[in-house]
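Enquirer: sequence unknown, structure follows:
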């Protein structure tokens, strides 16, 4: 079997896998979280996976807690931790983070002996020439090919002519240059999905509006006297 035919086989296998993934769904992006435990002198941080942030966290002597799925830092370097979070995600996670979906169209990229990344997110990851590839978290595959290729020693993760969604993407991160450039070039779009609100939330908004309307009525009456 030629290398070219073998690569096609890897892609075919991954397309079958992808259909199962679309039915069962990938693990959703972890929520952001930022907790300063002053009594313990530590900061606990919850973030989606980002290779750049992992490198920064290790350089800051952060420790990964597998049981909590959090990074733990000494609070003496809080300023640097916040800076790393903003550089990677556009937010520290101290407040609720609004998310969106990015629709990426006709995208091709190769990761040589590593995963294919885009906007700090893992799109697909292979582990060897014959391993095929797996989609990253929160990736919804629409069309195109993903798989593994190259040689045994110099394998690659291959993404070709791909259209997919990156879901649960932090909205502040869309202000970064790489996302803005992709939007300007026409191969990326932002999709903001409005979630159905609970009845209690709607009633609370109505109460606020009624209260404000009553205040305006009183102000109008007073101005007429």
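Expert: On my side now, so go ahead. This structure is a prediction, so every number in the text was calculated from the model and none was measured. Numbering: from 1, shown residues only.
Enquirer: so who does residue 123 touch?
Expert: When contacts are counted by CB atoms under 8 Å, 6 or more residues apart in numbering, residue 123 touches 107, 109, 115-117, 135-136, 139, 146, 159, 162, 164, 166. Placement of C-beta: from N, CA and C, glycine included.
Enquirer: distance check, it against residue 91.
Expert: For residue 123, the distance to residue 91 (CB to CB, to the nearest Å) stands at 22 Å.
Enquirer: same check on residue 71?
Expert: 15 Å.
Enquirer: between those two, which is the more surrounded one?
Expert: residue 71 (23 against 20; other CB atoms under 10 Å).
Enquirer: give me the beta-bridge partners of the more buried one?
Expert: Taking DSSP bridges, one obtains residue 45, residue 64 as the residues bridged to residue 71.
Enquirer: residue contacts, residue 210?
Expert: Here residue 210 is in contact with no residue (CB under 8 Å, 6+ apart).
Enquirer: swap in residue 120?
Expert: 50, 51, 52, 53, 88, 89, 173.
Enquirer: the fourth one contacts residue 88, doesn't it?
Expert: Yes. Contact criterion CB atoms under 8 Å: residue 53 and residue 88 qualify, at 4.2 Å.
Enquirer: need the residues touching each of these two.
Expert: Both residue 53 and residue 88 are contacted by 47, 120, under the criterion CB under 8 Å, 6+ apart.
Enquirer: now render the contacts of residue 120 as TSV, adding pLDDT, distance to residue 186 and neighbour count.
Expert: Converted to TSV, the contacts of residue 120 look like this (pLDDT from 0 to 100; distance: CB to CB, whole Å; neighbours: other CB atoms under 10 Å):
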residue	pLDDT	distance to residue 186	neighbour count
50	91	25	19
51	91	27	14
52	95	26	13
53	95	29	20
88	94	26	22
89	94	25	22
173	94	20	23
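Enquirer: what's the closest of the residues you listed to residue 41?
Expert: Of all the contacts of residue 120, residue 53 has the smallest distance to residue 41: 21.9 Å, by CB to CB.
Enquirer: in what helix or strand does that closest one lie?
Expert: helix 51-59 (DSSP states H and E).
Enquirer: likewise for residue 197?
Expert: Counting by DSSP H and E, residue 197 is part of no helix or strand.
Enquirer: ok, now which ones touch residue 49?
Expert: Contacts for residue 49 (CB under 8 Å, 6+ apart) come out as 122, 136, 137.
Enquirer: surely residue 85 forms part of a helix?
Expert: Yes. Per DSSP: H, G, I helix; E, B strand; the rest coil, residue 85 lies within a helix segment.
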